[in-house]
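> show me the folded form of this:
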Amino acid sequence: MSQYIKFTLLISLLFAGSFQVQAQEQAQAQAEQDGYLLGPGDHVQIRVFGEEDLTVDIRLNATGVVSYPFLGELQISGKTSTQVEQIIVNGLKPDYLINPVVNVSILEYRRFYIYGEVEEPGEYNFEPGMTLRKAIVLAGGFTERASRKNIEIVHEANPQLTEKRSNLDIPIAPGDVIDVQQTFF
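Purely as a prediction, here's the structure:
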């Protein structure tokens, strides 16, 4: 393989890696802007700059509790990543580190579920900015019998409330269950 091809491949790999990191940072910034609350199923990484032994990489379970070095068990479910960063800074600062720099990253968001008259019903990873339209596209689009005006959504935050929607541009939240109804005409 020529040196030119090797160099081109190396540059391509570097750019691809930097685009992936940039996309993850943009998704994280969008989540913070939207006030995204951590919950069961989220894959989270907690890092303290210069302290590799304080790095925790975990998928939140149903309790939303994380066992963190020096601080014990921390309830992080229901909090934003910025709130979790502040809790850890406050916990480490007085006794363990002088000026800890903490970063909480969401590596993978919890899922939402879609079934009924879509081509590929199932569970899909939530992304910030998710709308009903995008969820349906992820599920392969409508079947030919799908009703575009009768779609039920059960929100994880309020499972007793079943919402019927026809507006495809409404936001979808993580944990939502979407049922695309069948039309008879």
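
> ok but Asp53 is inside a helix, no?
Yes - remark: Asp53 belongs to a helix, assigned using DSSP: H, G, I helix; E, B strand; the rest coil.

> from Val84, how far out is it?
Between Asp53 and Val84 the distance is 18 Å, computed by C-beta to C-beta, to the nearest Å. (C-beta placed from N, C-alpha, C; glycine too.)

> kindly report the same for Asp176.
According to C-beta to C-beta, Asp176 and Val84 sit 23 Å apart.

> same check on Glu117?
From Glu117 to Val84 the distance is 39 Å (C-beta to C-beta).

> check Arg110 too.
Computed with C-beta to C-beta, the distance linking Arg110 and Val84 is 16 Å.

> Asp53 and Val84: who's more crowded?
Neighbours per residue (other C-beta atoms under 10 Å) separate Asp53 from Val84, with Val84 holding more: 21 against 7.

> mind listing what that one touches?
Listed by C-beta atoms under 8 Å, 6 or more residues apart in numbering, the contact set of Val84 reads Leu38, Val44, Ile46, Leu74, Ile76, Val104.

> tell me the one of the residues you listed nearest Ala135?
Minimum separation from Ala135 among these (C-beta to C-beta) is found for Leu38, which lies at 20.7 Å.

> count of residues packed around that closest one?
There are 24 residues near Leu38, going by other C-beta under 10 Å.
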